[in-house]
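S.K.: Build the 3D model from these lines:
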Amino acid sequence: MRAIWKGAIAFGLVNVPVKVYSATEDHDISLHQVHNADGGRIRYQRRCEVCGEVVDYSDIEKAFDEDGRTVVLSKDELKSIPAENSHEIEVVQFVPSEQLEPMMFEKSYYLEPDSKSPKAYVLLRRALEDTDRVAIVQFALREKTRLGALRIKDDVLVLQSLLWPDEVREANFPSLEADIRISAQERDMSAALVESMAADFEPDSFTDEYQVQLRQLIDAKLEQGESLDTEETFGVEAGEGGKGEVIDLMEALKRSLDRKRGGGEAASAGGSSDDEADTDEADTGDGEAEGAKPARKASGTKASGTKASGTRAAAAKTGTDDAKPAKSSAKSTAATKSTAAKSTASKPAASQTAGSKSTGTKSADSKSTGTKTAAKPAAKTTRARKPA
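M.R.: Just a heads-up that it's a prediction; the model follows:
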C-alpha cells in the first residue's frame, strides 16, 4: 500500500504522527466505451466552448457561477485556504459507537504510526479499548474539511470519514404515512422466517455475482466471438432472472418458510407418523385378505381410543415384563398382522374377522402398557402352517 497523506492525531496535548492509507479498493472489471460500428475507442476531449481549442489539463482552472458572474479560482488561490494546509486530525469528542448513524459512514482509512516510537499511537488505541468509545475527529483531505470516526480494527487505528449532517437526505415518503395494519399471524410468520435465516455475519461467504458473471461473459465472447449464445452461457434467456411481484403476503411468507426449512411443504404433504408408516408397510403385503384391513387401521389408532380395560388387562398378562417403546410394539404388531392376514385366506370369513379384531386389540393394549404382545409366538405358528 502507498500512503496518500501524512499528518498527526491531536489527542489533547499528545501528538500522534500517522500515515494514512486507503483501507478499501475497487476490484470491479473496468470497461471503456467504443463505437459500436467499428470498435473504435471513444476519447473525451477538454474543448473550450469559446475558442474551440482542445485544452491541456495543466491549463484548466476551477470556477464558480453566481448571478450570471463567473469567479475563476487558480490553483494557488485554492491552496491558500488554511484548512487545506492543515495536516492535523483533531480529536474533538469520545462517543459511544452505537450513537453513530451507519448512513453517515463514507470511506475508511488505515492509520500507521509515523514515528520511531509508536508509544503515543498504542496509548490512544488502549484508551479507546478501555473506554469502549469512538473518537470523533475533524481533518482536511483532498480540498474538503471532513468529519471522521476513529476506531480500532485488529490493533490498528481506522479513520472513517463521515458525511456532514446536511449531506444525508431525509426520507419523507407519503406512502408510509398511511395506516397499515399488520396481523399477529403475519408478524409471527415473519419472525419465524427471520429466525430460520438467522446466522453470524461472515463476509467471505458472499460473492459479487455480477463481476463473476461479467468475467464469464468476457471469456465466452473471447472464445466464441460474434456467435456467442448468452442463453447457453448462463443457462437462462437474456433479461430473465427477475423476481415477480408478491401479491399474497401470507402465501409468500409460508413459501419462504417452507424453502428455508428444507421443503417443509412437501414433507407435510407426504409425511406421516411412525405408526402410520408402519401400518402402510404392512398394507403392501402380497395376498392380503380384505377383512384384515379394518383391523390394521384400528391398530394405527392411539391407545386412548380403546375402552375395553378388561381385555387390556388380559392381554397384558400374556406379555413379558420387559418394556419397549410403543413404536417398536406397533411395528411388531403390524408385521404380525400382515403374516396373519396371509394365512387366514383358507379360514372362514367370520373367524378371520375375529382374529383381526383380536390382533387390533393386542396392538392397542401394547401401546397403552408399553409391553410386548403375544403376537410373536402366533407369527411363528403361522409360518409353520404356511407350507401346508
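S.K.: give me every residue that touches Val55.
M.R.: By C-beta atoms under 8 Å, 6 or more residues apart in numbering, Val55 lies in contact with Arg46, Arg47, Cys48. Just so you know, the C-beta spots here come from the backbone N, C-alpha and C atoms, and that holds for glycine as well.
S.K.: roughly how far apart are the first one and Val55?
M.R.: Put plainly, it is Arg46. Distance, Arg46 to Val55, using C-beta to C-beta, to the nearest Å: 5 Å.
S.K.: same question, the last one
M.R.: In this structure, Cys48 and Val55 are 5 Å apart, going by C-beta to C-beta.
S.K.: next one: the second one
M.R.: Relative to Val55, Arg47 is positioned 7 Å away (C-beta to C-beta).
S.K.: Leu111 now?
M.R.: From Leu111 to Val55 the distance is 38 Å (C-beta to C-beta).
S.K.: Export only the CA atoms of stretch 61-72, formatted as CSV.
M.R.: These are the backbone C-alpha positions of stretch 61-72, laid out as CSV (Å, rounded to 0.1, in the frame of the first residue of the first chain):
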residue,chain,number,x,y,z
GLU,A,61,-8.7,26.2,-13.5
LYS,A,62,-11.8,25.9,-11.4
ALA,A,63,-14.6,28.4,-11.3
PHE,A,64,-18.0,29.2,-9.6
ASP,A,65,-21.0,30.8,-11.2
GLU,A,66,-23.3,33.0,-9.2
ASP,A,67,-25.9,35.5,-10.5
GLY,A,68,-24.6,35.4,-14.0
ARG,A,69,-21.0,36.1,-12.9
THR,A,70,-18.1,33.6,-13.1
VAL,A,71,-15.4,33.6,-10.4
VAL,A,72,-12.2,31.8,-11.6
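S.K.: going forward can the numbers begin at 747, since that is how I track them
M.R.: OK, 747 is where the count begins now, so the last one is stretch 807-818.
S.K.: what about that stretch, average pLDDT?
M.R.: Mean per-residue pLDDT for stretch 807-818: 92.
S.K.: and for stretch 810-828, what are the contacting residues?
M.R.: Glu807, Lys808, Ala809, Glu830, Asn831, Glu889.
S.K.: cool, stretch 849-859 as well?
M.R.: 747, 749-750, 755, 762-770, 867, 895-896, 902-909, 911, 914.
S.K.: Pull out the buried residues from these.
M.R.: The neighbour count (16 or more other C-beta atoms under 10 Å) marks 755, 762-767, 769, 867, 895-896, 903-908 as buried among the contacts of stretch 849-859.
S.K.: Sort out for me which of those are in helices.
M.R.: In helices, judged by DSSP state H, the following of those are found: Tyr867.
S.K.: taking the mean pLDDT, what do you get for stretch 1005-1012?
M.R.: 62.
S.K.: what does stretch 978-993 give?
M.R.: Across stretch 978-993, the average pLDDT comes to 63.
S.K.: go on, stretch 894-905?
M.R.: pLDDT averaged over stretch 894-905 gives 95.
S.K.: and what of stretch 783-801?
M.R.: Stretch 783-801 comes out with an average pLDDT of 93.
S.K.: So for Asp965, what pLDDT did the model give?
M.R.: Asp965 carries a pLDDT value of 92.
S.K.: and if you look at Glu771?
M.R.: Taking Glu771 on its own, its pLDDT is 90.
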